[in-house]
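>>> Return a 3D structure for these sequence lines:
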Amino acid sequence: MTLVRNERESCILARVAGLLDRDEIEGHLVGGFLRDILIDRSSRDFDFAVVASGVEVARIIAAGMDGRFVLLDAENEVARVVLTDDEGPWYMDFSSAPHGIAEDLSRRDFTIDAMALDLRQVEQATVDDLIDPHHGRNDLEYRLIRAVSDTVFKDDPARLLRGVRLAAEYGLTIEPDTERLMREYGGLLEAVAGERVREELCRLLATPQASRFLRYLDEIGLLVELFPELAETRGVEQPLEHYWDVFDHLIETVAAIEKILQSEADGKELRKSLPRIPRLREYFAEPTSGSCNRLVILKMAALLHDVAKPQTKTVEPGGRARFLGHTKEGASVGADIMHRLRFSSKEIKMVHTMIESHLRLWQTGSDRPSRRAIYRFFRDTEYVSIDIIFLALADFLAARGPELDLSEWRKHCEMMEYIWSEHESEKARIAPAKLVSGHDLIDIFGLEPGPEMGRLLEMLREAQGVGDITTREEALEFVRKYLAGQKQQRMMR
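Below is the predicted model of the structure:
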């Protein structure tokens, strides 16, 4: 049986092979695409090693296949061609292998990615035609990640995180000698550019068992290399309702997110009680930038939501620990971490808001918060309101740990269901149109545009949302009373 069995893949590869053969350029298909074929996993990413300039070859392929050329690394002569069809983009990366394919494979990171296939054979190739000097096919069969050489992490420390990410994505185990190298060279991770760390971290967090691999990163000493701020959370004890210390609580909050939002994770009984918010899967799959989506950003917030507890901890005379101000300070620390890892400004704001507001719904002091409290919560958290609801639920699960009372869990979910339903009702109340507009405030009351008008319009919107006013006449009376009260205050000064 031929190695490449997908018709579209075969067509693309045959076209690339023809263009290279025309110009007498030696080329090989390498890396992850071959790995994915061997485990029967679909892919739209190709990697090619060419005995020529990867940049110039990419230009030739882009012109010959009507693709888009993207320069990735001018110094190392790496470029990409993007083709687009009805199902989305295909990515073809071209790198230079000036000393031939054997030398190129010896410089790769892991054996499962150090296989190649001569493009001249691609149409009829079988697995026996693979060039596999480091026995990657055998390691793939035994589900192992093995370093190609002892220098792979020294040559490129980003591979430390990539190895763990591959293990998470493919369900693989890092073999002992490779793990030993990771421990030895872990300190080099600090020097990796934030953009590269972010890319690997996002892909790791997207997997349904990311929390388990965060634990693994901690075991081999890499987690605090990524997040030095977490070191201080280890061993910080919490009030009795918390099963874990702060460090373990943060990891367990990520695990709780996976249990309630990723059906591949173990949490079926918990998911039965979740608030019924429509199209949740699509909502959390919404891209935020690059390889990140809402679910990944939510996991980042979960991992960092109590990061400021160590520096805000106080102990009351009775012995109870308090962490006053940890949400606000934690939001600032979390934003700094996101900035360091080169997340987008939108993603930084998302995490900042989630951390700062993750206790807000519990702090209403009632399982039936007032309409006004609900209105203000959704107004202030707008873009991440739903995200905070699920962060709050995951935070509760992680606090209780194995001592969770399912009836208490259901009660908390009912509270979130109530909050969501009240929000939907509020949207219905204010959906038709504003009862009073800015033009009305100018024409009827003689106000001028500015901050005071903005505040008054928001007060009207809130009053309408919570049901205090329902008609235009009531809204105009609301404005009259407000302006009269403001006038009286000025006269009393």
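
>>> show me where pLDDT drops low in the stretch 101-250 of the chain?
Per-residue confidence of the stretch 101-250 of the chain (counting by pLDDT under 70) places no residue in a weak region.

>>> now the helices for it?
According to DSSP state H, counting those that start in this stretch, the stretch 101-250 of the chain carries its helices in the segments 101-106, 136-141, 152-155, 158-170, 176-185, 194-205, 210-219, 223-226, 246-261.

>>> Can you check which of those gets nearest to L391?
Smallest distance to L391 across the helices of the stretch 101-250 of the chain (Cβ to Cβ): 7.6 Å, for helix 246-261. For every residue, glycine as well, the C-beta is placed using N, CA and C.

>>> helices or strands next to the closest one in the packing?
Based on contacts counted as 3 or more Cβ pairs under 8 Å, 6 or more residues apart in numbering; DSSP states H and E, the elements that helix 246-261 packs against are helix 210-219, helix 268-271, helix 294-304, helix 385-400.

>>> hmm, back to that, with mean neighbour count and distance to S407 added, can I get the helices of the stretch 101-250 of the chain in JSON lines?
Below are the helices of the stretch 101-250 of the chain laid out as JSON lines (neighbours: other Cβ atoms under 10 Å; distance: least, Cβ to Cβ, whole Å):
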{"stretch": "helix 101-106", "mean neighbour count": "16", "distance to S407": "58"}
{"stretch": "helix 136-141", "mean neighbour count": "18", "distance to S407": "46"}
{"stretch": "helix 152-155", "mean neighbour count": "18", "distance to S407": "49"}
{"stretch": "helix 158-170", "mean neighbour count": "22", "distance to S407": "34"}
{"stretch": "helix 176-185", "mean neighbour count": "16", "distance to S407": "43"}
{"stretch": "helix 194-205", "mean neighbour count": "21", "distance to S407": "31"}
{"stretch": "helix 210-219", "mean neighbour count": "20", "distance to S407": "25"}
{"stretch": "helix 223-226", "mean neighbour count": "20", "distance to S407": "35"}
{"stretch": "helix 246-261", "mean neighbour count": "24", "distance to S407": "17"}
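
>>> can you list these in JSON lines and add distance to K411?
Written out in JSON lines, the entries for the helices of the stretch 101-250 of the chain read as follows (distance: least, Cβ to Cβ, whole Å):
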{"stretch": "helix 101-106", "distance to K411": "58"}
{"stretch": "helix 136-141", "distance to K411": "47"}
{"stretch": "helix 152-155", "distance to K411": "49"}
{"stretch": "helix 158-170", "distance to K411": "34"}
{"stretch": "helix 176-185", "distance to K411": "43"}
{"stretch": "helix 194-205", "distance to K411": "29"}
{"stretch": "helix 210-219", "distance to K411": "25"}
{"stretch": "helix 223-226", "distance to K411": "34"}
{"stretch": "helix 246-261", "distance to K411": "15"}
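
>>> To L460, which of those helices lies closest?
Distances from L460 to each of the helices of the stretch 101-250 of the chain were compared using Cβ to Cβ; the shortest belongs to helix 246-261, at 36.5 Å.

>>> so the closest one versus helix 385-400, what angle?
Computed by axes from the mean of the first three to the mean of the last three Cα atoms, to 10 degrees, the angle separating helix 246-261 from helix 385-400 equals 120 degrees.

>>> Would you mind giving the domain segments of the chain?
Structural domains of the chain, as assigned by automatic domain parsing, span the residue ranges 7-142, 149-226, 228-430, 438-492.

>>> Show the end-to-end separation of the second one, please.
With Cα to Cα, to the nearest Å applied, domain 149-226 spans 24 Å between its terminal residues.
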